[in-house]
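J.: have a look; sequence and predicted model below, questions after that.
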Amino acid sequence: EQLAGTGTDLQNKKILITAGPTREPIDPVRFISNRSSGKMGYALAEAAVERGGEVILISGPTSLPRPAGLYKYVAVETTLEMQEQVLKFFSWCDVVIKAAAVADFRPKNYSEQKIKKKDEGLVLELEKNPDILKELGEKKEKQILVGFAAETEDIQKNALEKLNRKNLDLVVVNDVTVEGAGFGVDTNIVKIIHRNGEIEELPKMTKKEVAHAILDRVVQYLRN
Ligand code: CTP
Ligand code: CA
């Protein structure tokens with residue numbers, strides 16, 4: 001049994017991690033986004049590097065320092081840019097962990113000029129973004145696929161449904177309404193749901209500890 005972070009159990013393994021929010025521009029000064037800080041994804045990237053992995057981090061805008069020792073860092077802004085980069089590297093990798101909080105919708109029409117305020121309100125029309133992880137689930141060959149699920153209700157049922165719909169090996173479930181879990185904070189309280197329906201409830205841990213716990217499971221899947 002090796003201590004978390006001191007091993008080389010991901011040596012020669014190619015790991016793609018997405019992190020942070022995506023951002024969908026409305027006009028030159030405005031965008032739609034979400035509360036993701038990127039901390040969970042960056043902790044995963046650091047943990048995977050510590051364990052000897054070759055790590056590509058594809059990141060939306062965050063204020064975090066770039067982790068040391070990455071094989072590659074790719075900065076993206078929109079969901080479509082993230083999709084393009086993820087697909088570019090998908091066949092290269094052994095493991096994909098999608099910690100990014102991907103914007104599900106984007107403004108249908110981008111305004112080249114700053115939208116001026118008027119007396120009446122503003123109706124913004126949104127169109128659906130592609131589901132990147134679902135696409136990976138359809139394309140997957142050897143890859144271990146790990147998704148996240150941010151939920152506020154029917155946590156387990158919704159997460160299991162995502163695992164099945166997206167053809168995942170593991171889904172990491174965040175109840176984002178609980179203090180000490182989810183957005184912005186350094187700790188997380190998660191459940192890990194496996195393909196076979198097994199559910200593990202982890203205690204409150206730092207995001208780095210959660211990252212190693214996830215990678216422990218990934219290593220098991222890579223061995224089998
Ligand atoms: N995801 C993705 N592409 C999207 C939306 C989500 O790749 N367009 C990924 C996320 O990175 C995450 C997982 O899918 O790993 C689940 O994201 P989540 O927002 O919880 O689920 P959705 O499928 O978008 O469903 P909903 O937001 O309606 O709960
Ligand atoms: Ca979503």
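T.: Perfect, I can see it now. Numbering: from 1, shown residues only. Ligands and ions are numbered 1, 2, ... in the order given.

J.: what lines up beside the one helix or strand in the chain whose mean pLDDT sits lowest in the sheet?
T.: Sorting the helices and strands of the chain by mean pLDDT, DSSP states H and E puts strand 187-188 at the bottom, at a mean of 88. Strands that pair with strand 187-188, judged by DSSP bridges, come out as strand 205-206 (antiparallel).

J.: after the partner strand comes which helix or strand?
T.: The C-terminal neighbour of strand 205-206 among helices and strands, as given by DSSP states H and E, is helix 207-223.

J.: which other helices and strands contact that next one?
T.: The helices and strands touching helix 207-223, judged by 3 or more CB pairs under 8 Å, 6 or more residues apart in numbering; DSSP states H and E, are helix 39-50, strand 95-98, strand 144-151, strand 170-175, strand 187-188, strand 190-194. Glycine gets a C-beta too; all of them are placed from N, C-alpha and C.

J.: now do it against strand 170-175, angle only.
T.: Between helix 207-223 and strand 170-175, the angle comes out at 160 degrees (axes from the mean of the first three to the mean of the last three CA atoms, to 10 degrees).

J.: how far away is residue 12 from residue 27?
T.: Distance, residue 12 to residue 27, using CB to CB, to the nearest Å: 46 Å.

J.: the more surrounded of those two?
T.: residue 27 (15 against 9; other CB atoms under 10 Å).

J.: and the more buried one, what's its pLDDT?
T.: For residue 27, the pLDDT comes out at 98.

J.: please name the nearest non-neighbouring residue to the spatially most central residue of the chain.
T.: The geometric centre of the chain, computed from its C-alpha atoms, lies nearest to residue 99 (CA atoms, centre = their mean), at 1.4 Å. Once flanking residues are discounted, residue 99 sits nearest to residue 41: 3.6 Å by CB to CB, 6 or more residues apart in numbering.

J.: near ligand 1, which residues of the chain?
T.: Within reach of ligand 1 by CB under 6 Å from any ligand atom, the chain has these residues: 79, 98, 100, 102, 104, 129, 131-133, 147-150, 162.

J.: just the buried subset of those residues, please.
T.: The neighbour count (16 or more other CB atoms under 10 Å) marks 79, 98, 100, 102, 129, 131-133, 147-150, 162 as buried among those.
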